[in-house]
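Asker: got a sequence here, can you model it:
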Amino acid sequence: MKRTIFAAVIACLAIPATAHEFGFAGILSNDNMEDMPEITLGLGKPLAEGPITLKSGTGYELEITSDGSGELALEGPGFFRAIWINEIVINDLEVRPFGLESVEFDDEGTMEIEFIAIKPGRYFLRIPGSTGETQRVEITIQ
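Answerer: From the prediction side, this is the model:
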């Protein structure tokens, strides 16, 4: 009986060690962050080069840049529901939203969205109302 309890205690003590695989920041640590292709908003310009594949549980920083050629938005409610957003940075101001459905640029500028990919599936980001394939980017979370 004592050996069984001792073995159970030793096993439980080993569990927290795996919780720090990524460091003290957990899944938000730099060891768990990967690069993601930039998305560019511009009239008649493609959003991105080809489809994007992400890994569930991995952190990413999505950089969205508008060239100011028009008032353009980017929507992707399915994608934004499949990720956990840590922060959005606009002009060095950080926003920590509960959720997101779309973003819009009235002028040129850059927005950074730091997030963790969560729910596997196929999603998209697109310019609302557009029908061209280059105005849409497919995103797969594995």
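Asker: what pLDDT does the residue nearest to Ile88 when sequence neighbours are not counted get?
Answerer: Nearest residue to Ile88 in three dimensions, chain neighbours excluded: Val95, at 4.5 Å (C-beta to C-beta, 6 or more residues apart in numbering). In short, each C-beta sits where N, CA and C put it, glycine included. Predicted confidence (pLDDT) for Val95: 94.
Asker: run a quick neighbour tally on Val95.
Answerer: If you count neighbours by other C-beta atoms under 10 Å, Val95 ends up with 12.
Asker: dump the residue contacts of it.
Answerer: Taking C-beta atoms under 8 Å, 6 or more residues apart in numbering, we find Val95 in contact with 87-89.
Asker: any idea how far the residue most central in space within the chain lies from Thr134?
Answerer: In the chain, the residue lying closest to the centroid (C-alpha atoms, centre = their mean) is Phe115, at 3.6 Å. Phe115 is 24 Å from Thr134, where distance means C-beta to C-beta, to the nearest Å.
Asker: contacting residues for the closest residue to Arg122 other than its chain neighbours?
Answerer: Take Arg122 and drop its neighbours on the chain: the residue closest to it by C-beta to C-beta, 6+ apart is Thr140, 5.2 Å away. Applying C-beta under 8 Å, 6+ apart, we find Thr140 in contact with 51-54, 121-123.
Asker: show me the protein divided up by domain.
Answerer: The record's domain parsing of the chain by automatic domain parsing lists 1-26, 35-141.
Asker: most tightly packed of those?
Answerer: Stretch with highest mean neighbour count among the domains of the chain: domain 35-141 (a mean of 16; mean count of other C-beta atoms under 10 Å).
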